[in-house]
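Novice: Quick one, structure for this:
(one chain, ligands or ions: 1)
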Amino acid sequence: MLSVHSVNKSYLIGGKWSKIRQQVLKDIRFQCAEGECLGIVGESGSGKSTLGRLLLGMERPDQGSILFDGKSVSDRKTRTGSMSVVFQDYKSSMNPFYSIEQVIREPLRRQKLTAREQDRKIDDLLSVVGLDRTFRKRYPHELSGGQAQRVCIARAISTEPRCLLLDEAISSLDATVQIQILHLLQHLKQTLRISYLFITHDIQAAAYLCDSMLFLHQGQVVEKIRTHQLKDVQSVYAQKLIHAMGTG
Ligand SMILES: Nc1ncnc2c1ncn2[C@@H]1O[C@H](COP(=O)(O)OP(=O)(O)OP(=O)(O)O)[C@@H](O)[C@H]1O
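Specialist: So this is what the prediction gives:
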């Protein structure tokens, strides 16, 4: 479904007139199959979010290509309705002047639904993410972090995407709420059969949710492994991360 071919990305550093480039991603290659949940794991600065932006077609690679069903993700038509995203910062990813109902309705406008069908779908989506219909009239500032992230998830799945990219989607939440959201994502994965690209520095969360994991170190994929084989990682970096997080 998603295939990444020899992707390189660099940024200019040292201001507008500088000619010095920092290589942020180097020769990234991997595939994510239909229905697979792939964790993209690495420490801060390893290039995870940059890779996320490239996968979403928000930025283009310097070299290489990213294909969804054989078509470039740089083309908006490839992504629309097929790929969705949930970011870490749930508050700023919602318009503060929109009610929750408006937040979820926004992507639904692109579907050929009557107002009544949209209303029904908003109720269904709220229910799927564990919120009742009284949330419709609330505003983002009236929600807890966990509730706000549930709304962002409802909005992300409203277009029935085949692939959902979660960029540190639980990182800003309290530990207990993180677990609740992980359970919700696990449940959605089983019921909706969506592929996840789960970007995180939290190896334990990735181990809980993901079928396989890709370790990113200094912009390079150092290892890709099935989660049930995590104890057999070969690269020193992956071993270090697992050890540091107390899962080894
Ligand atoms: N638009 C940009 N311009 C210049 N440098 C950038 C840009 N975006 C990212 N970088 C650099 O690329 C490197 C990787 O950043 P990135 O945010 O992708 O890492 P990360 O693994 O997601 O880190 P974190 O978990 O802390 O968000 C960093 O050194 C960062 O400074």
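
Novice: What are the boundaries of the helices in the protein?
Specialist: For the chain, the helices defined by DSSP state H cover 48-55, 76-79, 100-108, 115-128, 145-157, 175-192, 203-209, 236-244.

Novice: Distance to V86 and mean neighbour count for these - can I get that in CSV?
Specialist: Glycine gets a C-beta too; all of them are placed from N, C-alpha and C. Shown next, in CSV, are those (distance: least, Cβ to Cβ, whole Å; neighbours: other Cβ atoms under 10 Å):
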stretch, distance to V86, mean neighbour count
helix 48-55, 11, 22
helix 76-79, 15, 14
helix 100-108, 13, 20
helix 115-128, 13, 15
helix 145-157, 5, 22
helix 175-192, 9, 15
helix 203-209, 13, 20
helix 236-244, 23, 16
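
Novice: residues from this structure in reach of the ligand?
Specialist: Selection of the chain residues close to the ligand by Cβ under 6 Å from any ligand atom yields Y11, V24, G42, S44, G45, S46, G47, K48, S49, T50, H201.

Novice: Just the buried ones among those, please.
Specialist: For these, a neighbour count by 16 or more other Cβ atoms under 10 Å gives the buried set as V24, G42, S46, G47, K48, S49, T50, H201.

Novice: As CSV, the helices of the chain with mean pLDDT would be great.
Specialist: Shown next, in CSV, are the helices of the chain (pLDDT from 0 to 100):
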stretch, mean pLDDT
helix 48-55, 96
helix 76-79, 89
helix 100-108, 95
helix 115-128, 96
helix 145-157, 96
helix 175-192, 94
helix 203-209, 95
helix 236-244, 91
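
Novice: Columns distance to M1 on top of those helices, output as CSV?
Specialist: Shown next, in CSV, are the helices of the chain (distance: least, Cβ to Cβ, whole Å):
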stretch, distance to M1
helix 48-55, 12
helix 76-79, 12
helix 100-108, 21
helix 115-128, 23
helix 145-157, 17
helix 175-192, 15
helix 203-209, 18
helix 236-244, 25
